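Visitor: The sequence and its predicted three-dimensional model are supplied below.
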Amino acid sequence: MASRAGSAGAIHLQEEKAGERLDVAASVLALLADRTRLALLQRLGQGEADVTTLTEACGAARTSVSQHLAKLRLAGLVGTRKDGRRVVYSLRHGHLRRLVDEALSVADHQIRALPPHD
């Protein structure tokens, strides 16, 4: 009987982790569901950048860019480092760059009515 209880506990733990994983993924996708944040992440996928560079790249107001970067940083999606008085932003991992690239590829397919493929 102890073996069954142990197995049931392990399955419950796996289900909790699967649920947590889905919750975190949904949160990441929700953050990407904003045009400005998506543009910021797309630019950061090309390499590090400061607020001035990011403001020019996405065409939003500097205060708006700073607020969006703060949300992305608090969510753990972007990192920062100091370069003198400047704060330089970067993506925390390549998975995010690939996720943004894939989302933009889906958009290309829809806009251009391209055939589906793997």
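Guide: On my side now, so go ahead.
Visitor: Pairing partners for the residue lying closest to residue 72 once chain neighbours are set aside in the sheet, please.
Guide: Using C-beta to C-beta, 6 or more residues apart in numbering and skipping the chain neighbours, the partner closest in space to residue 72 is residue 78 (4.5 Å). Just so you know, the C-beta spots here come from the backbone N, C-alpha and C atoms, and that holds for glycine as well. Beta bridges link residue 78 to residue 91, judged by DSSP bridges.
Visitor: can you pull the contacts of residue 78?
Guide: 41, 44, 69, 72, 89, 90, 91, 92 (C-beta atoms under 8 Å, 6 or more residues apart in numbering).
Visitor: make it 7 Å
Guide: Counting by C-beta atoms under 7 Å, 6 or more residues apart in numbering, residue 78 touches 44, 69, 72, 89, 90, 91, 92.
Visitor: Burial check on the fifth one, number of neighbours?
Guide: It stands for residue 90. A total of 14 residues lie near residue 90 under the criterion other C-beta atoms under 10 Å.
Visitor: ditto for the first one
Guide: The criterion is other C-beta under 10 Å. On that basis, residue 44 has 25 neighbouring residues.
Visitor: repeat for the second one
Guide: The local packing of residue 69 (other C-beta under 10 Å) involves 21 other residues.
Visitor: Tell me the secondary structure of the closest residue to it other than its chain neighbours, please.
Guide: Distances taken as C-beta to C-beta, 6+ apart put residue 89 closest to residue 69, at 6.0 Å, once the chain neighbours are dropped. With DSSP: H, G, I helix; E, B strand; the rest coil as the basis, residue 89 sits in strand.
Visitor: average pLDDT across the helix or strand containing residue 99?
Guide: Element membership for residue 99, per DSSP states H and E: helix 94-112. For helix 94-112, the mean per-residue pLDDT is 93.
Visitor: doesn't residue 72 make contact with the residue nearest to residue 69?
Guide: No: contact criterion C-beta atoms under 7 Å: residue 89 and residue 72 do not qualify, at 8.2 Å.
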